[in-house]
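Asks: A structural model of the following input is requested.
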Amino acid sequence: MNDNHFKFSTAVIGLPLFFVLILWIVYWIQIRFDFDFYQSGIYPRDFSGLQGVLFSPFIHENLSHLYNNSIPLLVLLAALQFFYPKQTIGVIGYGILFSGLITWIIGRENYHIGASGLIYVVVSFIFFKGIQTRYYRLVALSLSVILLYGGMIWYVFPDVDQSISWEGHLAGFITGFGLTLIYKTPEYTKPIFYEWQKPDFDPETDPFMKHFDENGNFVNTEIPEEETISAYFDSNVLVNYTIRKNNDPEEDLNVN
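Replies: Numbers count the residues shown, from 1 in each chain. Take a look at the predicted model:
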């Protein structure tokens, strides 16, 4: 598959905005009606705490917490939808589920809330999947993500900041990598511009190439009085080559 795979759609903008809007609506309800959503977060190794696997990404402690998660989600979900449109919903859904379950298993006995685990899922998925495809555009995307959010890697370690859920970050990072192994993307190839780039190209039977030897030198082959050779040197441009045999054997052939 080539670059035509990457097509802009309204979902590239609509999906991130919709998801982040839900986060802000939940936070507004929490503040407006003084609801205590914190207990709907993940509480590790407690059966009732399993509800947080689904609900915790939508719960935030304060406005700063919500804002710091909203901006990366807008950027990363837009990139995910544009470059991996068929995998986006699965990455979000399974990312929330599996990262939440891992947090529930390894987390400290406290409530874990926030969408940062999903952010780590998307960062990890985009980075590792781009490297795995070895396609130049996706590799460039991987490097761009590392430049923007590479510093996040430190927050998967417990000694950096005990006030954050490093377990959720680590769970998201592991989940993102795991999803790259589950979701197979098409084999990307560069677009074909020349006839000789096609897989079925055979220089031995090509009407133009038969007039050259293996070193690229012109060969004085037996040709009719006039022969027109057509060759595609661009996907949209057809080039015609006319070769005429001169009446005077002492003159060279003219190639136009």
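Asks: quote the end-to-end distance of stretch 48-55.
Replies: Stretch 48-55 has an end-to-end distance of 12 Å (criterion: C-alpha to C-alpha, to the nearest Å).
Asks: now stretch 81-93
Replies: 13 Å.
Asks: can you list the neighbours in contact with it?
Replies: Contacting residues not belonging to stretch 81-93 are listed as 6-9, 11-12, 15-16, 19, 77, 80, 118, 121-122, 125-126, 129, 137-138, 141, 176, 179, 183, 185 [C-beta atoms under 8 Å, 6 or more residues apart in numbering]. From N, CA and C alone the C-beta is placed, and that goes for glycine too.
Asks: now Gln132: how far from Pro85?
Replies: 18 Å (C-beta to C-beta, to the nearest Å).
Asks: same check on Gly176?
Replies: 17 Å.
Asks: neighbour count winner among these two?
Replies: More crowded of Gly176 and Pro85, by other C-beta atoms under 10 Å: Gly176, with 26 against 16.
Asks: is that one in contact with Phe128, as I believe?
Replies: Yes - here Gly176 reaches Phe128: they are 7.0 Å apart, a contact under C-beta atoms under 8 Å.
Asks: residues contacting Ile126?
Replies: Neighbour list for Ile126: Leu76, Ala79, Leu80, Phe83, Tyr84, Leu141, Ser142, Val145, Gly176 [criterion: C-beta under 8 Å, 6+ apart].
Asks: list the buried residues of the helix or strand where Phe19 lies.
Replies: Phe19 is part of helix 10-32, with elements assigned from DSSP states H and E. In terms of neighbour count (16 or more other C-beta atoms under 10 Å), helix 10-32 has its buried residues at Ala11, Val12, Leu15, Pro16, Phe19, Val20, Leu23, Val26, Tyr27, Gln30.
Asks: list the buried ones in the host helix or strand of Asn68?
Replies: Element membership for Asn68 (DSSP H and E) is helix 63-83. Judged by neighbour count using 16+ other C-beta under 10 Å, the buried positions of helix 63-83 are 65-66, 69-70, 72-83.
Asks: tell me, how many residues neighbour the closest residue to Leu80 other than its chain neighbours?
Replies: Closest residue to Leu80 apart from its sequence neighbours, by C-beta to C-beta, 6 or more residues apart in numbering: Thr88 at 5.2 Å. Residues within reach of Thr88, counting by other C-beta under 10 Å, total 20.
Asks: list the contacts of the residue nearest to Leu17 when sequence neighbours are not counted.
Replies: Leaving aside its sequence neighbours, Leu17 sits nearest to Leu74 (C-beta to C-beta, 6+ apart; 7.3 Å). If you count contacts by C-beta under 8 Å, 6+ apart, Leu74 has them with Pro16, Leu17, Val20.
Asks: can you redo the residues you listed as a markdown table with distance to Leu101 and pLDDT?
Replies: Converted to a markdown table, the contacts of Leu74 look like this (distance: C-beta to C-beta, whole Å; pLDDT from 0 to 100):
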| residue | distance to Leu101 | pLDDT |
| --- | --- | --- |
| Pro16 | 25 | 97 |
| Leu17 | 28 | 98 |
| Val20 | 24 | 98 |
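Asks: what strand or helix carries Arg45?
Replies: Arg45 is part of no helix or strand when elements are defined by DSSP H and E.
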